[in-house]
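Peer 1: Just to be clear, the model below is a prediction. Sequence and coordinates:
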Amino acid sequence: MHRLLPLIFVTAVACDGDPKPRAAASTAADEGAPYVIEIRQADYAYAIPSQIKSGWVTFQAPNEGEEHHVAVFLKLPEGVTRADWYAAMANPEEARSAEWWDEMTDAGGTGAVAPGRTAVTTMYMEPGLYGVLCGVIAPDGTSHWVKGMHTTFEVIDEPAGAHEPTADIRLTLGESGFEQEGRVTPGTHTVAVHFAHQPPRRTHDVHVARLEDGETLEAAIALMARPIEPFPMAFVGGAEQGPQGRTDYFTVTFEPGRYAWVCHLNASSGMAQEFVVE
Ligand SMILES: [Cu+2]
């Protein structure tokens, strides 16, 4: 198991090298290909490259632990260093009193994902320094980030050149909840998530719950109020809180059955929607 997976920082090595001439036929297939970065999630740590390129980045986040995990991205304000982040995170009681804490901005992230599954979320990443944390609560009542499940990465000012994904489902997250275009059928779908309106402190996101027999939407809504393990159902990914106006993408392979779109902070006020895949 990866219980003791240390916070390791490795330099991104995939897909780099010198830009290839556009005219070369042999490289045409690679033009705009997804730029994939792995975020390994364990109980309770991430392993993610220390530096990645900018532009459209597809984050693949396998859950190698025994509890659910998420990866919330926060863009650190100008001048705030990795050391500032780790110092704040080492003192959970004082973290929110750091003067820059409220100046961090939502930058998306991968949605809740059950053990053994992989969340896949694609976002347009601007250069800068980012913090990552997991807000799931362990059975002992302690948040995963307090147990050490947090890290940082830098997006360097060098475009990876990946194209924006193509979606066949679109969710608009706004004042009236989820507005869905397109129907979810069995198979793999890429869902575009447009953050049309992000109310302060009640920002929207979307997590996809898989509801087996006897598992209810009501239980998923109740869970969002305090996402403590053990979860009463499995989650299969989604898109964490992105900045207003941005469109992020997540990819899920759906099986026939019941699912729900659930917004973490607004589920209790009606932002939770069950649907059937058939
Ligand atoms: Cu976690």
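Peer 2: Happy to help now that I have it.
Peer 1: From Gly161, how far off is Glu154?
Peer 2: Distance from Glu154 to Gly161, counting by C-beta to C-beta, to the nearest Å: 18 Å. To be clear about C-beta, it is placed using only N, CA and C from the backbone, and glycine gets the same treatment.
Peer 1: and the stretch 101-250 of the chain, which of its residues are near the ion?
Peer 2: Cys134, Val136, His144, Met149 (C-beta under 5 Å from the ion).
Peer 1: In contact with the closest residue to the third one other than its chain neighbours, which residues?
Peer 2: Okay, so that is His144. Among residues not flanking His144 along the chain, Cys134 sits closest, at 3.9 Å (C-beta to C-beta, 6 or more residues apart in numbering). For Cys134, the contacting residues are Gln41, Tyr44, Tyr46, His69, Val70, Ala71, Val72, Ser143, His144, Trp145, Met149, His150, by C-beta atoms under 8 Å, 6 or more residues apart in numbering.
Peer 1: most surrounded residue in the residues of the stretch 101-250 of the chain next to the ion?
Peer 2: With neighbours taken as other C-beta atoms under 10 Å, the top of these is Cys134, carrying 30 neighbours.
Peer 1: Find the residue at the geometric middle of the chain.
Peer 2: Thr110 (1.3 Å; C-alpha atoms, centre = their mean).
Peer 1: does it really touch His68, like I thought?
Peer 2: No. Judged on C-beta atoms under 8 Å, Thr110 makes no contact with His68 at a distance of 11.6 Å.
Peer 1: mind checking how far Pro199 is from the ion?
Peer 2: In this view, Pro199 and the ion are 25 Å apart by C-beta to the ion, to the nearest Å.
Peer 1: Now do the SS call for that residue.
Peer 2: Three-state call for Pro199 (DSSP: H, G, I helix; E, B strand; the rest coil): coil.
Peer 1: in its sheet, what does the strand or helix carrying Arg170 sit against?
Peer 2: Following DSSP states H and E, one finds Arg170 within strand 169-174. Strand 169-174 has its sheet partners listed here by DSSP bridges as strand 177-181 (antiparallel), strand 187-195 (parallel).
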